[in-house]
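1. task: produce atomic coordinates for the following.
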Amino acid sequence: MPIKPLIGLLGVLVAALNAEFNELVMSTALVDVRGAFGISHDPGLWIESLYASGVACGMALAPWLAVTFTLRRFTLFAISLVCCATVLIPFAPDLSAMLGLRLIQGLGGGFTIPLLMTTALRVLAPPIRLYGLAVYALTATFTPSISTSIAAFWTDIVDWRFVFFEALPLDAVSAVLVWYGLPQDPPRYERLRQFDWRGFLLLAVGAGSLTTLMYHGDHQDWFNSEEVCVLVLLCVVAFPLLALNEWFHPLPLLKLQMLKRRNFAYGVLGLFLFLVLSLSSSLVPQTYLVEIQGYRALQGHWITLLIALAQFLMLPAVAFLLDHKWADARGVTLCGLALICAACIGSATIDASWNREQFYLWQSLQAVGQPMVVVSLLMIATNAVQGPAEGPFASALVNTTRSLAAPVGTCILELIERWRGALHSERLVDQVGQTRFHPMSGDAVGRAEQVARAVQTQASVLTTADTFLILCAFGGALALLVILLPVRTFPPRILFAKH
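-> Numbering: from 1, shown residues only. Below is the predicted model of the structure:
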């Protein structure tokens, strides 16, 4: 196989990883960034929600635009857009300017990530496609874990501005590799006459409303807020109209007919559930260590770094395993889910004495289980793609659904904290409610404060345990999906050799 397209693929990989870092590192370092800008918590939510809205729109548009303007040109444009927006954010004069740049940054990141799957399906021959899918899987397993370490390094050792400045060298490298490696196709500007304007507007309204709802709904007290009711109404109207429009449009952004294939439908739904489940290995342990044990990011990042570094060994190992005819991807997926669920159940035994050392065993199970799930899932889904022409449509569907996993997962964690946290607090207060403290006694006042802190800590610990169990239920739902939906498939080098 020629080496030049692989160099181009490497450039797209670096650009996609950089786009993921822009989202995840920023989310981890958000407290420091808000502090530097003097932004309070609620306005700071827009920093994340606007980025998520931009990502969702960008992921749906990117494959269509890449075919129209050529993969090489559009990838270079997406890299430039991300770089410019990211570098300008630290110099934003006010919150409005920062939010506008954050939306553009999200749009650029959404443009970039789907191009990795589009490029992989185009340039990788069947004998090595599985290993290319393992490279794509880095964006689902490696970047969420390593982002904590990167954010800790910039905020605690260097300077918070480097959360953004890190984009410069990575974008420069990716642009050179893409410029050299990707082929120079002729543009297809005639497609612009058939651009799906209605689909784009419905997608922007629906995805923007949904991501905003997921990030702001809990803080607006859900249906007690008029704004939340309007967002829900927009979602209910926009998404059915979007599905109807895409089904009948001659050149849609999202080719929904592909979902009639069982294996591809499994890939779309399964990746969404997996990304929600993966929060059990990245966000939940780190949040516990910060809130309960008072860790800084630099102190707690070792448990996620374990998963990140293990991916360089596990992803190619899983690809090698699946490259044999006797290996059933469904069975490999179920084994991986069993390890992840075991890690969630083990982590649910948490108590207030846990530090990062108690997480290492369960994180090790996550490090082994996650690649088994995601590489198998990608193989099953992409094997259902019929030829290179369908690659952009497949990438749009998979990645647009994927873009909604982070907002939905964040919303789920907030609901768990609100409902289960309140329940545990009430029960703990009832248990200590019979204790009486003399109002004039200093010792009694001090003891009351200690009891209040202990109740708060214990309620947080119990809520964290509930979170692990609920995320384990998502693993069970994904296992049920594996059993019911996909059919047996074989590695690409065997499957496509028959044709």
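2. show the pLDDT at Pro187.
-> Looking at Pro187, its pLDDT stands at 90.
3. so who does it touch?
-> Neighbouring residues of Pro187 by CB atoms under 8 Å, 6 or more residues apart in numbering: Thr68, Phe69, Thr70, Arg73. Where you see a C-beta, it was placed from the backbone N, CA and C, and this is true even at glycine.
4. so who does the last one touch?
-> Contacts of Arg73 were listed using CB under 8 Å, 6+ apart, and they are Pro187.
5. mind checking which helix or strand it is in?
-> If you go by DSSP states H and E, Arg73 is part of helix 71-88.
6. other residues contacting stretch 345-352?
-> Stretch 345-352 has contacts (CB under 8 Å, 6+ apart) with 280, 284-285, 288, 292, 358-359, 361-362, 365, 457-458, 461, 464-466, 468-469, 472.
7. please tell me how far the residue nearest to Asp185 when sequence neighbours are not counted sits from Thr118.
-> In this structure, Asp185 finds its nearest non-sequential neighbour in Thr70, 4.5 Å apart by CB to CB, 6 or more residues apart in numbering. Distance check for Thr70 against Thr118: by CB to CB, to the nearest Å, it reads 12 Å.
8. what does Val451 give?
-> From Val451 to Thr118 the distance is 58 Å (CB to CB).
9. more neighbours: the two, which one.
-> With neighbours defined as other CB atoms under 10 Å, Val451 and Thr118 compare such that Thr118 has more, 25 against 15.
10. chain neighbours aside, what residue packs nearest to that one?
-> Ser395 (4.5 Å).
11. also Val332?
-> Excluding its sequence neighbours, the residue lying closest to Val332 (CB to CB, 6+ apart) is Ser376, at 4.7 Å.
12. what pLDDT does the one you found get?
-> In this model, Ser376 carries a pLDDT of 93.
13. and Trp326, by the same measure?
-> Confidence score, pLDDT, at Trp326: 91.
14. my guess is Leu415 meets Met214, correct?
-> No: counting by CB atoms under 8 Å, Leu415 sits too far from Met214 to count as a contact (10.2 Å).
15. who has more neighbours, those two?
-> Met214 (22 against 14).
16. for that one, pull up the helix or strand it's in.
-> Met214 belongs to helix 197-216, assigned by DSSP H and E.
17. what packs against the helix or strand just after that helix?
-> Heading C-terminal from helix 197-216, the first helix or strand you meet, by DSSP H and E, is helix 226-248. Applying 3 or more CB pairs under 8 Å, 6 or more residues apart in numbering; DSSP states H and E, we find helix 226-248 packed against helix 197-216.
18. what does the helix it packs on contact?
-> Counting by CB under 8 Å, 6+ apart, 45, 48-49, 52-53, 56-57, 60-61, 227-228, 231-232, 234-235, 238-239, 241-242, 245-246, 249, 252-254, 400, 403-404, 407-408, 410-411 sit against helix 197-216.
19. where's Pro252, which helix or strand?
-> With DSSP H and E as criterion, Pro252 is part of no helix or strand.
20. next, the buried residues of the helix holding Met214.
-> 199-200, 202-216 (16 or more other CB atoms under 10 Å).
21. number of residues surrounding Leu495?
-> 15.
22. oh sorry, the question was meant for Gly387
-> For Gly387, the neighbour count with other CB under 10 Å is 8.
23. then Val487?
-> Counted with other CB under 10 Å, residues neighbouring Val487 total 11.
24. which residues are contacting stretch 360-372?
-> 134, 137, 141, 274, 278, 280-281, 285, 303-304, 306-307, 310-311, 314-315, 317-318, 332-333, 335-340, 342-344, 346-347.
25. can you show me the strands along the chain?
-> Here the chain has no strands by DSSP state E.
26. which residues touch Phe163?
-> Phe isn't right for residue 163; it's Val. Going by CB under 8 Å, 6+ apart, Val163 touches Val25, Met26, Ala29, Asp32, Val33, Ala151, Trp154, Thr155.
27. which of those residues are buried?
-> For the contacts of Val163, buried by 16+ other CB under 10 Å: Val25, Met26, Ala29, Asp32, Val33, Ala151, Trp154, Thr155.
28. ok, so of the residues you listed, who is nearest Asp323?
-> Proximity of those to Asp323, judged by CB to CB, is greatest for Val25, which lies at 33.2 Å.
29. measure that closest one to Ala167 for me?
-> Distance, Val25 to Ala167, using CB to CB: 10 Å.
30. ditto for Leu277
-> Per CB to CB, Leu277 is found 29 Å from Ala167.
31. biggest helix in the chain by residues?
-> The longest helix of the chain (DSSP state H) is helix 442-484.
32. verify the stated contact: the residue nearest to Val332 with Cys335.
-> No: using CB under 8 Å, Ser376 makes no contact with Cys335, being 9.3 Å away.
33. these two: which has the busier surroundings?
-> Ser376 (31 against 15).
34. what's near enough to touch that one?
-> Counting by CB under 8 Å, 6+ apart, Ser376 touches Val318, Leu322, Ala329, Arg330, Val332, Thr333, Gly336.
35. please redo it, this time with the cut-off set to 10 Å
-> Ser376 is in contact with 133, 137, 270, 318-319, 321-322, 327-337, 482, 486, 489, counting by CB atoms under 10 Å, 6 or more residues apart in numbering.
36. against Ser225, how distant is it?
-> Taking CB to CB, one finds Ser376 at 41 Å from Ser225.
37. kindly report the same for Thr287.
-> 25 Å.
38. same question for Leu182.
-> Leu182 is 47 Å from Ser225, by CB to CB.
39. list the contacts of the closest residue to Pro63 other than its chain neighbours.
-> Residue nearest to Pro63 in three dimensions, not counting chain neighbours: Pro392, with 3.4 Å by CB to CB, 6+ apart. Residues near Pro392 by CB under 10 Å, 6+ apart: 62-68, 71, 114-115, 117-118, 121-122, 253, 255.
40. hmm, Thr118 is touching Arg72, no?
-> No: the criterion here is CB atoms under 10 Å, and Thr118 misses it with Arg72 at 11.8 Å.
41. on that earlier part again, buried ones among the contacts of Ser376?
-> Buried, going by 16+ other CB under 10 Å: 133, 137, 270, 318-319, 321-322, 327, 329-330, 332-334, 336-337, 482, 486, 489, out of the contacts of Ser376.
42. how much space between Val451 and Tyr288?
-> Distance of Val451 to Tyr288, computed by CB to CB: 22 Å.
43. surely Gly181 touches Val12?
-> Yes: counting by CB under 10 Å, Val12 is a contact partner of Gly181 at 8.7 Å.
44. shared neighbours, those two?
-> Thr119, Val123.
45. the two: which has the busier surroundings?
-> Between Gly181 and Val12, counted using other CB under 10 Å, Val12 has the larger neighbour count: 29 against 21.
46. separation between that one and Asn399?
-> 13 Å.
47. what is in contact with those two at once?
-> Shared contacts of Val12 and Asn399, defined by CB under 10 Å, 6+ apart, comprise Ile113, Leu115, Leu116, Met117, Thr118.
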